[in-house]
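K.L.:
I'd like to go over a predicted model; first the sequence, then the structure.
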Amino acid sequence: MAQAGLRRRIWGWFFFDWASQPYNTLLITFIFAPYVKELMGDGSRAQAAWGFGIAAAGVVIALLAPILGALADTGGNRLRWIRGFSLLYIVGAAMLWFAAPDDFHLVRTLFFFAIGLIGMEFATIFTNAMLPDLGPAREIGRISGNGWAFGYLGGMIALILMLALFAESAATGKTMVGIAPVFGLDPDQREGTRFVGPLTAIWYAIFMVPFFLWVKDPRSRPAPKGAVRQALGDLRKTLIQLPKSPSLFAYLGSSMFYRDALNGMYAFGGIYAAGVLGWSVVDTGIFGIIAIVSGAVFSWLGGRADVAFGPKPVITACILILTAVAIGIVSVDRSAIFGIPLAEGSRLPDHAFWMFGAVIGAAGGVIQSASRTMLCRQANPARMTEAFGLYALSGKATSFLAPLLIGIATTMSGSQRLGVSPIIGLFVLGLFLLVWVQPDGDRAE
């Protein structure tokens with residue numbers, strides 16, 4: 001009976017990844033970002049605006065994430081926090097419906113996009129912190145990998161539904177399967193593509209039901225008197241003592257840079273392809289399907305590699321692969337690949353980007369799964385939510401940096417291709433700091 005209850009809890013925990021993945025898949029990368037580029041017309045200007053908008057959300061997340069994590073460890077009930085931030089997710093996503101072609105307001109659109117993104121990121125802190133309670137330490141890598149693969153599968157199904165039934169081509173008004181958007185949505189007003197916001201919100205609301213039904217928080221307890229003051233005091237003490245835990249300190253620094261670089265790839269992949277290669281929303285969606293299928297398969301395989309070899313070698317290999325891909329991306333445009341001129345109308349750049357998408361999906365899924373496993377090895381088990389708050393801080397303290405650097409580089413160079421080059425340097429910094437990370441954390445010393 002106890003084993004059946006644990007399996008149900010694990011599957012419920014998986015459903016958070018399934019429910020939340022469309023925010024990344026549909027909004028950040030493959031549907032909504034290219035749509036914003038279409039509305040703005042200028043790819044470089046759209047890429048810069050997208051970068052500054054995501055950077056603003058990243059600042060809010062960086063400031064509040066560790067405080068919320070410490071408060072949850074002190075005040076109990078992580079599920080209550082997840083419910084609250086889920087509401088932000090749903091409202092922020094749903095409001096993107098109002099990004100209409102004849103009434104497009106960039107600041108308003110980015111504001112609601114940021115509200116949803118903040119909700120997703122904060123809810124993720126508390127769900128990730130539940131990972132160590134789902135099984136023995138030797139199984140955490142497999143559970144994390146399976147969860148990430150399950151999330152990718154959900155994202156892929158949502159993307160296919162969006163492309164087949166809703167997202168219309170600006171040129172033809174038809175979806176990927178050659179039909180008008182369903183439910184009578186008006187292609188002239190881009191209602192099919194704009195439905196990506198409500199669809200993302202509805203998907204999350206439906207598929208979080210198994211999470212809330214099956215996941216129980218074993219650490220749930222009433223908040224003690226003075227919980228906020230105690231949480232802030234504990235956080236201050238943790239930050240002061242952090243340099244005394246050199247492996248954890250180095251890992252937070254390493255992940256700060258390599259996750260920021262990866263998030264930059266995700267955030268700008270769709271808008272980059274739309275601007276540099278002239279892809280439509282539908283073209284970018286097909287690119288997304290390739291990346292997600294690859295991500296789902298390799299996240300599952302990566303969880304097994306994590307168990308076999310440990311998360312550190314897995315993370316190292318993924319950083320090297322993603323760095324090579326980043327170099328490849330800035331070396332490809334319509335006219336040349338790696339400096340080699342192409343004939344006019346050549347499809348080779350498209351094929352190269354499809355390959356890049358498959359590799360980014362594979363390595364990106366594996367590294368994110370292995371990263372949360374690594375934190376479970378590095379952190380104090382009694383302060384796990386706080387640790388994931390710090391992990392979010394390390395991911396978001398510079399989460400504005402990649403979008404900001406991309407926004408600045410794009411603005412200064414006037415080139416989308418050169419604008420994404422800061423990603424390469426961030427991966428290299430992450431790899432450098434990983435040298436000081438012990439596979440089993442400071443307690444192994």
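P.N.:
Nice, thanks for sending it over.
K.L.:
quick one: buried residues of the strand or helix carrying Trp18?
P.N.:
Take DSSP states H and E as the rule and Trp18 turns out to sit in helix 2-22. Going by neighbour count (16 or more other CB atoms under 10 Å), the buried part of helix 2-22 is 9-22. Placement of C-beta: from N, CA and C, glycine included.
K.L.:
want to throw the residues you listed into JSON lines with pLDDT and distance to Ala46?
P.N.:
Formatted as JSON lines, those follow (pLDDT from 0 to 100; distance: CB to CB, whole Å):
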{"residue": "Arg9", "pLDDT": "91", "distance to Ala46": "42"}
{"residue": "Ile10", "pLDDT": "92", "distance to Ala46": "40"}
{"residue": "Trp11", "pLDDT": "94", "distance to Ala46": "39"}
{"residue": "Gly12", "pLDDT": "94", "distance to Ala46": "38"}
{"residue": "Trp13", "pLDDT": "94", "distance to Ala46": "36"}
{"residue": "Phe14", "pLDDT": "93", "distance to Ala46": "35"}
{"residue": "Phe15", "pLDDT": "96", "distance to Ala46": "33"}
{"residue": "Phe16", "pLDDT": "96", "distance to Ala46": "31"}
{"residue": "Asp17", "pLDDT": "93", "distance to Ala46": "29"}
{"residue": "Trp18", "pLDDT": "96", "distance to Ala46": "30"}
{"residue": "Ala19", "pLDDT": "97", "distance to Ala46": "28"}
{"residue": "Ser20", "pLDDT": "95", "distance to Ala46": "25"}
{"residue": "Gln21", "pLDDT": "92", "distance to Ala46": "24"}
{"residue": "Pro22", "pLDDT": "93", "distance to Ala46": "21"}
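K.L.:
now these in JSON lines, with distance to Ile337?
P.N.:
JSON lines is the format used below for the buried residues of helix 2-22 (distance: CB to CB, whole Å):
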{"residue": "Arg9", "distance to Ile337": "48"}
{"residue": "Ile10", "distance to Ile337": "44"}
{"residue": "Trp11", "distance to Ile337": "44"}
{"residue": "Gly12", "distance to Ile337": "46"}
{"residue": "Trp13", "distance to Ile337": "43"}
{"residue": "Phe14", "distance to Ile337": "39"}
{"residue": "Phe15", "distance to Ile337": "41"}
{"residue": "Phe16", "distance to Ile337": "40"}
{"residue": "Asp17", "distance to Ile337": "35"}
{"residue": "Trp18", "distance to Ile337": "37"}
{"residue": "Ala19", "distance to Ile337": "39"}
{"residue": "Ser20", "distance to Ile337": "35"}
{"residue": "Gln21", "distance to Ile337": "31"}
{"residue": "Pro22", "distance to Ile337": "32"}
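K.L.:
which of those lies closest to Ala205?
P.N.:
Ala205 lies nearest to Ala19 out of these, by CB to CB, at 8.2 Å.
K.L.:
picking that back up, check the buried residues of helix 2-22 and tell me the two furthest apart.
P.N.:
Arg9 and Pro22 (23.1 Å).
K.L.:
could you give me the average pLDDT of stretch 155-175?
P.N.:
The average pLDDT for stretch 155-175 rounds to 91.
K.L.:
Kindly report the same for stretch 92-105.
P.N.:
92.
K.L.:
and that stretch, which residues are buried?
P.N.:
Applying 16+ other CB under 10 Å to stretch 92-105 flags Gly92, Ala93, Ala94, Met95, Leu96, Trp97, Ala99 as buried.
K.L.:
if we look at that stretch, which residues are touching it?
P.N.:
23, 27, 32, 35-36, 39, 108-109, 112-119, 189-190, 194-198, 200-201, 204 (CB atoms under 8 Å, 6 or more residues apart in numbering).
K.L.:
Report the buried residues of the strand or helix carrying Thr109.
P.N.:
Per DSSP H and E: Thr109 is located in helix 106-128. Residues of helix 106-128 classed as buried: 106, 109-110, 112-128 (neighbour count, 16+ other CB under 10 Å).
K.L.:
what's the answer for stretch 275-290, then?
P.N.:
Here stretch 275-290 shows 275-277, 279-290 as buried, counting by 16+ other CB under 10 Å.
K.L.:
From the residues you listed, which land in helices?
P.N.:
Gly275, Val276, Val281, Val282, Asp283, Thr284, Gly285, Ile286, Phe287, Gly288, Ile289, Ile290 (DSSP state H).
K.L.:
ok, the third one to Gly275 distance?
P.N.:
In other words, Val281. 13 Å (CB to CB, to the nearest Å).
K.L.:
same deal with Phe122?
P.N.:
From Phe122 to Gly275 the distance is 31 Å (CB to CB).
K.L.:
With Trp203 instead?
P.N.:
For Trp203, the distance to Gly275 - CB to CB - is 28 Å.
K.L.:
One more: Ile67?
P.N.:
37 Å.
K.L.:
tell me the secondary structure for the residue in the chain sticking out farthest from the centre?
P.N.:
Within the chain, Ala343 marks the point farthest from the mean C-alpha position, 36.1 Å out by CA atoms, centre = their mean. The three-state label given to Ala343 by DSSP: H, G, I helix; E, B strand; the rest coil is coil.
K.L.:
Can you verify my assumption that Ala261 contacts Ser421?
P.N.:
No. Using CB atoms under 8 Å, Ala261 makes no contact with Ser421, being 11.2 Å away.
K.L.:
Can you pick out the residue with more neighbours from the two?
P.N.:
Ala261 (25 against 18; other CB atoms under 10 Å).
K.L.:
which ones are touching that one?
P.N.:
So Ala261 contacts Leu322, Ala326, Ala402, Ile423, Ile424, Leu426, Phe427, Gly430 (CB under 8 Å, 6+ apart).
K.L.:
show me what contacts Phe195?
P.N.:
Trp97, Met162, Phe166, Pro181, Phe183, Leu185.
K.L.:
top of those by neighbour count?
P.N.:
For the contacts of Phe195, neighbours were counted using other CB under 10 Å, and Met162 has the most, 29 neighbours in all.
K.L.:
doesn't Pro198 make contact with that one?
P.N.:
No. Look at Met162 against Pro198 with CB under 8 Å: they stay out of range, at 11.1 Å.
K.L.:
Give me the most central residue, the protein.
P.N.:
Asn24 (5.3 Å).
K.L.:
Can you classify it by secondary structure?
P.N.:
helix.
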